[in-house]
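Visitor: coords please:
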Amino acid sequence: MFTQTKIHDALNFHTISQFLNHCSQTKNLRAVEEFYGHVLRAGLFFVSPNLQTDIVLTYTSCDNNNSSSKILTRFFKCLNLRNSLPFNSIISHFSQHGSDCNALHTFSFMHYNSVHVDSYALCSSIKSASCLKHVGYGKIIHAHAQKSGWLASVFVGSALVDFYAKLLCVNDAAMVFDKIPVKNTVCVNALMSGYAEAKLWRQGIELVCRMPLLGLDVDNFTLSAALRACSGLCALELGKQVHAKVVRRIVDIGTDVFLQSLLIEMYGKCGLVDSAKKVFDMVGYGEGERQRDIVLWTSILGVYGRSGNYIKVIRLFKDMVMEGIRPDGVSFLTVISACAHTGQVDLGIEHFDSMTRDYGLVASQEHYSCLVDLLCRAGELERACKLISEIPHRANEGSAISMWGALLSACNECGNINLGKLAAERALEVEPNNIGVYVLLSNMYASNGMWGEIEQLREIMKRRGLNKKIGCSLIDTATST
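Guide: I've put the predicted structure just below:
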């Protein structure tokens, strides 16, 4: 198109944008090269930074030879190194569209060639390093930000806190957080997320308590993280305080299904099942038509499941389906497990079949494990063995060992020694040095007075250098003054 007309007459930026977008979608590298040649010969490449950016991005998107870094370097050398705007746009585009390696290459070029690096380029580069889970590169950017003084920026600081938190370098995240002179809620939430992922619940609660001293307000994310921490600690009184703050501060709580589900789970983890059900029942009142999301249903099903009220789980699952809510994989896991604990084999199998037949869900290894547990608890060991043998484990050795172990344990309870030996053999074929399988097999032998087999088993374990670790229990005691 552009090879048949003069570039001066065709310089309509809307048309050029459409042309480059078309080349990017069709991967037409030759057309981009021809257009780039015309722009260079006409001396127009240096007129518009936007045009420079569009050509660079289109060129790299069309390249299929994994030579993007060379192309980028060649283009960058043609840009005005004193103007960081095109570089910022390019880094931002790469970071937002998943081209994280190209984003970091652009940052490296800027740093090596003394192009001014501002907070915009730093934040985009930190995000790309986070997506690549590249701790080393993130630390390099961190060092540059510290030397150049950008660490004082709350935006750069928040990006670094988020980077370290996502990679579970929680101590580094806390260190960066403490060095930010003027903090905001975003950087607090980033650190809270890191504490939650590392299950450092107490530190998360302490951080929330510091927010008033920092002059910061909480938002939905902060309260969600605080509720998650209260659940982890089973801290009921703190959870009630957070609930009260939710009621006072969050006007549109009905639109935040995750905050509501965390309230349900918090009360459930603390043993207040009735309070969890009250929160669930209150969802949607005063807002016209009641709409309870699958997330809320899954939360309340999990609460009753963990409390051992399996009959209620089965009833609630039926109510959910009757209400027109489409079950997900987690809700099916909960109801099949409930059927296993109540001995309702046919109903559990019906739910398992319905998952794929009626809802098009693919059964995961967890669903198969749950079905095996259902059959084992009902004493249908042959069916369980046949099912495990037919399951495609997809190289998931952990789930295979778990299923064979469940069958071995059930064989011990039912006195089926031959099938128990077979289950142990299959498990040890997957992982020959799994100490748990040897312990289960030894328990079965001991239950049936097979002391000779136990001695042989101990000799095998000794030759392989296997030792069962001694168990221990920890309890947190509160001292009264």
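
Visitor: And the contacts of stretch 141-157?
Guide: 107, 111, 117-119, 122-123, 125-126, 129, 160, 176-177, 179-184, 186-187 (C-beta atoms under 8 Å, 6 or more residues apart in numbering). From N, CA and C alone the C-beta is placed, and that goes for glycine too.

Visitor: now with 6 Å?
Guide: Applying C-beta atoms under 6 Å, 6 or more residues apart in numbering, the set of residues contacting stretch 141-157 from outside is 119, 122, 123, 125, 126, 160, 176, 180, 181, 182, 184, 187.

Visitor: Nearest residue to the second one in space, ignoring adjacent ones along the chain?
Guide: Leaving out its chain neighbours, the residue that sits closest to residue 122 by C-beta to C-beta, 6 or more residues apart in numbering is residue 156, at 5.0 Å.

Visitor: ok, the one you found - how many residues close by?
Guide: 26 (other C-beta atoms under 10 Å).

Visitor: hmm, back to that, what's the PyMOL syntax to select whichever of the contacts of stretch 141-157 are buried?
Guide: One line in PyMOL is enough to select the buried members of the contacts of stretch 141-157, burial here meaning 16 or more other C-beta atoms under 10 Å:
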select buried, resi 119+122+123+125+126+160+176+180+184+187
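
Visitor: Could you tell me which of the contacts of stretch 141-157 are located in helices?
Guide: Taking DSSP state H, the ones among those that sit in helices are 119, 122, 123, 125, 126, 160, 176, 187.

Visitor: Show me what the helix or strand containing residue 204 is packed against.
Guide: Remark: residue 204 resides in helix 201-210, with elements defined by DSSP states H and E. When contacts are defined as 3 or more C-beta pairs under 6 Å, 6 or more residues apart in numbering; DSSP states H and E, helix 201-210 sits against helix 185-197, helix 220-233.

Visitor: could I get these as a markdown table with distance to residue 71 and mean pLDDT?
Guide: As requested, the helices and strands packed on helix 201-210 are arranged in a markdown table below (distance: least, C-beta to C-beta, whole Å; pLDDT from 0 to 100):
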| stretch | distance to residue 71 | mean pLDDT |
| --- | --- | --- |
| helix 185-197 | 34 | 94 |
| helix 220-233 | 39 | 93 |
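
Visitor: would you turn those helices into a markdown table with distance to residue 255?
Guide: Below are these laid out as a markdown table (distance: least, C-beta to C-beta, whole Å):
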| stretch | distance to residue 255 |
| --- | --- |
| helix 185-197 | 18 |
| helix 220-233 | 9 |
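
Visitor: closest to residue 241 out of these?
Guide: Closest to residue 241 of the helices and strands packed on helix 201-210, according to C-beta to C-beta: helix 220-233, at 8.7 Å.

Visitor: Other residues contacting the helix or strand just after the closest one?
Guide: Counting by DSSP H and E, the element after helix 220-233 in chain order, helix or strand, is helix 236-249. Contact with helix 236-249 is made by 223, 226, 227, 230, 266, 270, as judged by C-beta under 6 Å, 6+ apart.

Visitor: Now with 10 Å, please.
Guide: 201, 205, 208-209, 217-220, 222-227, 229-231, 233, 235, 253, 256, 259-260, 262-263, 266-267, 269-272, 275, 279 (C-beta atoms under 10 Å, 6 or more residues apart in numbering).

Visitor: Just the buried residues of it, please?
Guide: 236, 238, 239, 240, 242, 243, 246.

Visitor: what about the strands in the protein?
Guide: Taking DSSP state E as the criterion, the chain contains no strands.

Visitor: hmm, which of the contacts of helix 236-249 are the buried ones?
Guide: Buried residues within these, counting neighbours by 16+ other C-beta under 10 Å: 201, 205, 208, 218, 220, 222-227, 229-231, 233, 235, 253, 256, 259-260, 262-263, 266-267, 269-270, 272, 275, 279.

Visitor: all helices of the stretch 351-481 of the chain, in order?
Guide: All helices of the stretch 351-481 of the chain, identified by DSSP state H, counting those that start in this stretch, fall at 365-377, 381-390, 397-414, 417-430, 435-447, 451-463.

Visitor: Highest mean neighbour count out of the ones you listed?
Guide: Counting by mean count of other C-beta atoms under 10 Å, helix 365-377 has the highest mean neighbour count of the helices of the stretch 351-481 of the chain, with a mean of 22.

Visitor: counting contacts, what elements does it pack onto?
Guide: Counting contacts by 3 or more C-beta pairs under 10 Å, 6 or more residues apart in numbering; DSSP states H and E, helix 365-377 is packed against helix 329-342, helix 345-357, helix 381-390, helix 397-414.

Visitor: Please state the mean pLDDT value computed over that helix.
Guide: For helix 365-377, mean pLDDT rounds to 91.

Visitor: Taking their axis directions, it and helix 397-414 sit at what angle?
Guide: 10 degrees (axes from the mean of the first three to the mean of the last three C-alpha atoms, to 10 degrees).

Visitor: what about helix 365-377, distance to the chain center?
Guide: 25 Å (C-alpha atoms, centre = their mean, to the nearest Å).

Visitor: Likewise for stretch 72-79?
Guide: On C-alpha atoms, centre = their mean, the centre of stretch 72-79 falls 37 Å from that of its chain.

Visitor: quick one: buried residues of that stretch?
Guide: Buried residues in stretch 72-79, counting neighbours by 16+ other C-beta under 10 Å, are found at 72, 75, 76, 79.

Visitor: returning to that earlier point: for the ones in helices among the contacts of stretch 141-157, which one is nearest residue 390?
Guide: For the ones in helices among the contacts of stretch 141-157, the residue nearest residue 390 by C-beta to C-beta is residue 126; the value is 47.7 Å.

Visitor: possible to save the buried residues of stretch 72-79 as TSV with distance to residue 326 and pLDDT?
Guide: What follows is the buried residues of stretch 72-79, written out as TSV (distance: C-beta to C-beta, whole Å; pLDDT from 0 to 100):
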residue	distance to residue 326	pLDDT
72	46	78
75	49	77
76	50	81
79	52	77
